[in-house]
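**Q** pasted the sequence and its predicted model underneath.
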Amino acid sequence: MVIKNNIITVKKPPLFSFAECLWFLDRNYDDCAHTVKQDAVWKALQLGEENYLLKIYEKDKTIKIEVVVGPASAKSKKLIESFVVEWFDLNNNLEPFYKALRKDKQLSYMYKDFYGLRLMGITDLFESLCWCIIGQQINLSFAYKLKRRLVERFGIKLEYEGSLFYIFPDFKALAQASAEELKAMQFSSAKAAYLINTAQAFSDGLLSKSILQSLPDEESRHKLLTSFRGIGTWTANYVLMKTIRDPNSIPHGDAGLLKALINHDIIEDKKDTQKIKLFFERYKNMESYIVIYLWRSLAIH
DNA sequence: CACCAGGCGATTT
DNA sequence: AAATCGCATGGT
């Protein structure tokens, strides 16, 4: 009998659906950040100095994390477990959010239809910022294509049983990329410069997740982020939501968010900032979660 | 062909 | 301060 010691077991929290989270990861886009196969998600990532390939699936009342590639020492397992808990937002109690949702006449259907969906994070700040810059003002299909090109060129490739898995490039690799090469990959000149500038800001120690987390409030985090070229209010808020997990962060001006608000007759046109403000007051300190659920609704409207 | 896309920075009013 | 403009290019 073989005893597997490369599996980590995590308890599922209440108000959680692994299937709904997997649905989000496997929307109709070609995201190179992970692979959904059958009922499991495969994820390549770097933690500390080590590269890992994880296979994550549910079993009974638990989530299983199989360390497919990489060390499965006690220390590694601890890091991996923290990563998954953060990625799936497992420590967040959604009860207050669901309470507010159930009271919402227009949106209460989401309580059933999207039950258990979590705010799937982007735990790495550099990756999160790059993803925003790539996605600015272009459609998502094209954005995912650009991201794949960037990752295949500058990222780390992991091969396992004939399949390829990618780890997002280190900022050091992008800091010395040439704008010309990025432009040849169909990035606009502005975006090529933003990406390289951002990578250099990390290289120069001007920006990091811990720097951001050490700041006292959302306002100061937003201010630091937007001091860099290419990081506007939308990008700053997106990152605060997906990476820093500020609960009250809203990516104002987001095209998808506005479309969802119009679909639900919450606003009539995109410039109705007053009604948008009123709407979000119903979700104080849960703004980022209602944004995720509104984005989720775009797939059914 | 027109219009929009998970915006941003620069310029003009 | 607030509105407008140029960017770049794939999707529909």
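**A** Cool, the structure landed. Residues are numbered from 1 along each chain as shown, chains lettered A, B, ... in the order given.
**Q** identify the residue nearest the residue of chain A found nearest DNA strand B in space, chain neighbours excluded?
**A** Going by CB to the nearest atom of the strand, DNA strand B is nearest to residue A:232 of chain A, at 2.6 Å. All C-beta spots, glycine's among them, are computed from the backbone N, C-alpha and C. Nearest in space to residue A:232, with sequence neighbours left out and distances taken as CB to CB, 6 or more residues apart in numbering, is residue A:226 at 6.3 Å.
**Q** tally of neighbours for the one you found?
**A** 16 (other CB atoms under 10 Å).
**Q** again with residue A:87
**A** There are 22 residues near residue A:87, going by other CB under 10 Å.
**Q** where do the strands sit along chain A?
**A** Under the criterion DSSP state E, chain A carries strands at the ranges A:7-11, A:35-37, A:40-47, A:50-59, A:62-69, A:156-160, A:163-167.
**Q** residues from chain A in reach of DNA strand B?
**A** By the rule CB under 7 Å from any atom of the strand, the part of chain A lying against DNA strand B is A:132, A:135-140, A:190, A:226, A:228-236, A:238, A:242, A:251, A:253-256, A:259, A:295.
**Q** DNA strand C contacts on chain A?
**A** Counting by CB under 7 Å from any atom of the strand, chain A sits next to DNA strand C at A:137, A:138, A:139, A:141, A:142, A:145, A:183, A:186, A:188, A:189, A:190.
**Q** just give the nearest non-adjacent residue to residue A:245, would you?
**A** That would be residue A:121: by CB to CB, 6+ apart, it lies 6.6 Å from residue A:245.
**Q** relative to DNA strand C, how far out is that neighbour?
**A** 26 Å (CB to the nearest atom of the strand, to the nearest Å).
**Q** isn't that residue up against residue A:87?
**A** Yes: the criterion here is CB atoms under 8 Å, and residue A:121 meets it with residue A:87 at 5.4 Å.
**Q** what residues go with each domain of chain A?
**A** A:7-91, A:125-244 (automatic domain parsing).
**Q** please convert these to JSON lines, extending it with mean pLDDT.
**A** Output for these, formatted as JSON lines (pLDDT from 0 to 100):
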{"stretch": "domain A:7-91", "mean pLDDT": "97"}
{"stretch": "domain A:125-244", "mean pLDDT": "97"}
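**Q** next, count neighbours for the residue nearest to residue A:113 when sequence neighbours are not counted.
**A** Of all residues not flanking residue A:113 in the chain, residue A:300 sits nearest, at 7.4 Å (CB to CB, 6+ apart). Neighbour count for residue A:300, taken as other CB under 10 Å: 10.
**Q** count the residues that sit near the residue nearest to residue A:123 when sequence neighbours are not counted.
**A** Nearest residue to residue A:123 in three dimensions, chain neighbours excluded: residue A:86, at 5.4 Å (CB to CB, 6+ apart). By the criterion of other CB under 10 Å, residue A:86 has 14 neighbours.
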